[in-house]
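**Student:** Attaching a predicted model along with its sequence, questions to come.
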Amino acid sequence: MKKIALMKMMMILCAVVFMAASCKREDPTPEDPDTPAYRGDRIPDAVTDFDGNIYDAVKIGNQIWMAENLRTTHFANGDTIPVGTVSSSSDPYRYLPNNNDSLVPEYGYLYNWSAAMHNASASEANPSGVQGVCPDGWHLPSNAEWVEMESVVAGKDMSADGWRGEHAGLLAGGEQGTWVAVNTPGAPGDYRNTDRNSSLFSVLPAGNYSDGSDRFGEIASFWSTSTFHEVMVWMRTLYADNSSVLYGPYNGRMGLSVRCVKN
């Protein structure tokens, strides 16, 4: 009888130990939560250009940016910006995204740097002080202003050039199919990303223009007021398949998208 009682006690003890071990496996040590994605603050109908086009804006940190690509056909003083068919580093032109005027309401025009600057001198200041092609009360951003905005969205310093950060998807807008779909985590074309366009900056892949529209649906490139060399201008480019944002020099003769910042 004593042996039987002892065996029962040992069985109960083993069961208790097993249950405790099982409970411990089901209750793992919690991991530190991921850094939450930056959330922008949308401002509807924030600005109207000379043509009467109305744009939403977004507040990111201490800046207010247009949340749509510029699509004006005139400078703020009423001068017409001609439609270009060739690239130029001297004459101001606007170009059709993918050579298709039906895309302009959504994707805006592509402007060469001469049009973007409207004869102003290059600027490294923050704010740039260059109205350029932007509506009254707004200006073309300097490189420093792009760095400031990206640093807020990325949550760390973005002043280095080249490919940097993993915030491209946080800036990319458009419904599924707007960007070429990819499986690269955090890239603009990764539609599985639940934080996609959390900044509300809503970048769309209008491509660029260099004697013909190039890479529509794949890339989005934007001018700054800051120069790298006599004909080279600092710009930003997002690629559908890359979670980083490229900060580098482009030739001013090319046509890129424009976003303006409130004065």
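**Tutor:** Received, thanks.

**Student:** Over to Tyr247. Which of the three states is it?
**Tutor:** strand (DSSP: H, G, I helix; E, B strand; the rest coil).

**Student:** ok now do the residue nearest to it when sequence neighbours are not counted, which residues does it touch?
**Tutor:** Spatial nearest neighbour of Tyr247, excluding adjacent residues (CB to CB, 6 or more residues apart in numbering): Asp161 at 4.8 Å. The C-beta positions use only the backbone N, C-alpha and C, and glycine is treated the same way. Asp161 makes contact with Trp234, Tyr247, Gly248 under the criterion CB atoms under 8 Å, 6 or more residues apart in numbering.

**Student:** If any of those are buried, put those into a PyMOL selection.
**Tutor:** The PyMOL selection below is limited to those of the contacts of Asp161 classed as buried (16 or more other CB atoms under 10 Å):
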select buried, resi 234+247
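
**Student:** Same list (the contacts of Asp161) but as CSV, adding distance to Ser121.
**Tutor:** Output for these, formatted as CSV (distance: CB to CB, whole Å):
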residue, distance to Ser121
Trp234, 15
Tyr247, 21
Gly248, 21
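
**Student:** okay, the residue nearest to Tyr247: pLDDT?
**Tutor:** On pLDDT, Asp161 comes in at 95.

**Student:** for His229, same thing?
**Tutor:** On the pLDDT scale, His229 is placed at 82.

**Student:** how much space between it and Gly217?
**Tutor:** According to CB to CB, to the nearest Å, His229 and Gly217 sit 30 Å apart.

**Student:** Also Asp56?
**Tutor:** 22 Å.
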